[in-house]
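**Q** quick one: sequence and predicted model below, then my questions.
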Amino acid sequence: MQKSRIHYWFLGAGAALAMFVAAPAQAGDDPSFIAFHVGGYDVNDNETAGQLNIEYRSGWDDWYVKPFGGVMATTDAAIYGYAGFMLDIYFGRRFVFTPNVAVGLYSDGDGKDLGSVIEFRSGVELAYRFDSRTRLGVAFHHISNASISDNNPGTETLTLVLSLPLNNLFGDD
């Protein structure tokens, strides 16, 4: 249990440092996105499965924090619906670092039992931003029930992410 607290402390300290070093103000020109994830679920353990996510990422931001929501499904029939908040931190015009947190409802299907229906997700994404504002990146997330259940194995996911601006999809430039 001590190891996970240290892990979260470093993750939080790194995100806070990035906010002061980088320029979050460039987010004002970003629209809403539809994001697609494809990759691995439970990459840290022995129940690895394929994973697909679809997310709506709002263009609205207040104090640079943006709401988002999505659905994840695995090749082992696990499903996770979630909603939370993210922060886009820009390194120049092209690179976007996005720490995020969410809470949602989880069903393990034929996959890994995470110990609870309620699960929390925290993670980071690093993406390249094209002129069209489309982003291509890599995301890493930790999902667990934060010990609200006696069984809390947690899991990690690693995905490739394509974020498409909704205004580009509907010709609304």
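**A** Ah, there it is.
**Q** which residues in the chain form strands?
**A** Secondary structure of the chain, counting by DSSP state E: strands at 33-41, 49-57, 65-74, 79-87, 89-91, 95-107, 118-129, 135-144, 155-165.
**Q** contacts only, for the closest residue to Ile34 other than its chain neighbours.
**A** Nearest in space to Ile34, with sequence neighbours left out and distances taken as C-beta to C-beta, 6 or more residues apart in numbering, is Leu164 at 5.4 Å. From N, CA and C alone the C-beta is placed, and that goes for glycine too. In this structure, Leu164 makes contact with Phe33, Ile34, Ala35, Phe36, Thr134, judged by C-beta atoms under 8 Å, 6 or more residues apart in numbering.
**Q** same list (these) but as CSV, adding neighbour count, distance to Ser107 and pLDDT.
**A** Putting the contacts of Leu164 into CSV (neighbours: other C-beta atoms under 10 Å; distance: C-beta to C-beta, whole Å; pLDDT from 0 to 100) gives the following:
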residue, neighbour count, distance to Ser107, pLDDT
Phe33, 25, 26, 97
Ile34, 15, 23, 98
Ala35, 21, 22, 98
Phe36, 16, 21, 98
Thr134, 16, 32, 96
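**Q** which secondary structure element of the chain has the lowest mean pLDDT?
**A** Of all the helices and strands that make up the chain, the one with the lowest confidence by mean pLDDT, DSSP states H and E is helix 2-21; it has a mean of 57.
**Q** so where is this structure shaky, pLDDT-wise?
**A** Scanning the chain for pLDDT under 70 picks out 1-28, 170-173.
**Q** at 50 instead, please
**A** 1-2, 24-25, 173 (pLDDT under 50).
**Q** how many other residues sit next to Asn152?
**A** 16 (other C-beta atoms under 10 Å).
**Q** then Gly123?
**A** 20.
**Q** is it in contact with Phe97, as I believe?
**A** No: under the criterion of C-beta atoms under 8 Å, Gly123 lies out of contact with Phe97, with a separation of 11.5 Å.
**Q** beta-bridge partners for Gly50, please?
**A** Here Gly50 sits in beta bridges with Gly40, as judged by DSSP bridges.
**Q** for Tyr41, see how far away it is.
**A** Look at Gly50 and Tyr41: by C-beta to C-beta, to the nearest Å, they are 7 Å apart.
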